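> What follows is a predicted structure for the sequence shown.
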Amino acid sequence: MVDFQTDMQRRVYKALSEPCDTDVKIDELFMCAYPGQPIERMVADRDGNQMALPTLTNRDMQQYLAPLFARMNTRLATEGMKIEPGQLKQTYRLSTIQG
């Protein structure tokens, strides 16, 4: 287990590492890093039906997460791991560095 300095880093690492080499959606990682931050808002359409609209797009969430991933990757490199884009769109994964 990598020793991270912040709770945010520990939460994101846990989401990515169980199990390793598994794609995790950006919105799930964002919610781990920033719990309580709304990513959707409820609005009524013309007929009064409630629907959810995004407050943050996947691109917005990526921009929030990028500096966090960069800091985490510095520490993960010493353990032979890195956070990288997943095989599926809009995902990331924790993988081993091929040496």
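Ah, there it is. Numbering: from 1, shown residues only.

> Any idea what the residue nearest to Asn73 when sequence neighbours are not counted is bridged to?
The shortest distance from Asn73 to any non-neighbouring residue, by CB to CB, 6 or more residues apart in numbering, is to Lys82 (5.1 Å). (C-beta placed from N, C-alpha, C; glycine too.) With DSSP bridges applied, Lys82 shows beta-bridge pairing to Ser95.

> and Lys82, what is it in contact with?
Contacts for Lys82 (CB atoms under 8 Å, 6 or more residues apart in numbering) come out as Asn73, Leu76, Leu94, Ser95, Ile97.

> is it true that the fourth one touches Thr22?
So the one you mean is Ser95. No: contact between Ser95 and Thr22 fails when scored by CB atoms under 8 Å: they sit 9.7 Å apart.

> follow-up on the earlier one: next one: the residue nearest to Asn73 from Tyr13, what distance?
12 Å (CB to CB, to the nearest Å).

> Overlap of the contact sets of the two?
Listed as contacting both Lys82 and Tyr13 by CB under 8 Å, 6+ apart are Leu94.

> by contact count, what packs against whichever strand or helix holds Pro67?
Using DSSP states H and E, Pro67 sits in helix 58-77. If you count contacts as 3 or more CB pairs under 8 Å, 6 or more residues apart in numbering; DSSP states H and E, helix 58-77 packs onto helix 7-17, helix 26-33, strand 81-85, strand 91-96.

> outside of that helix, which residues touch it?
2-4, 8-9, 12-13, 26-27, 29-30, 33-34, 39, 56, 82-83, 90, 92, 94, 97.
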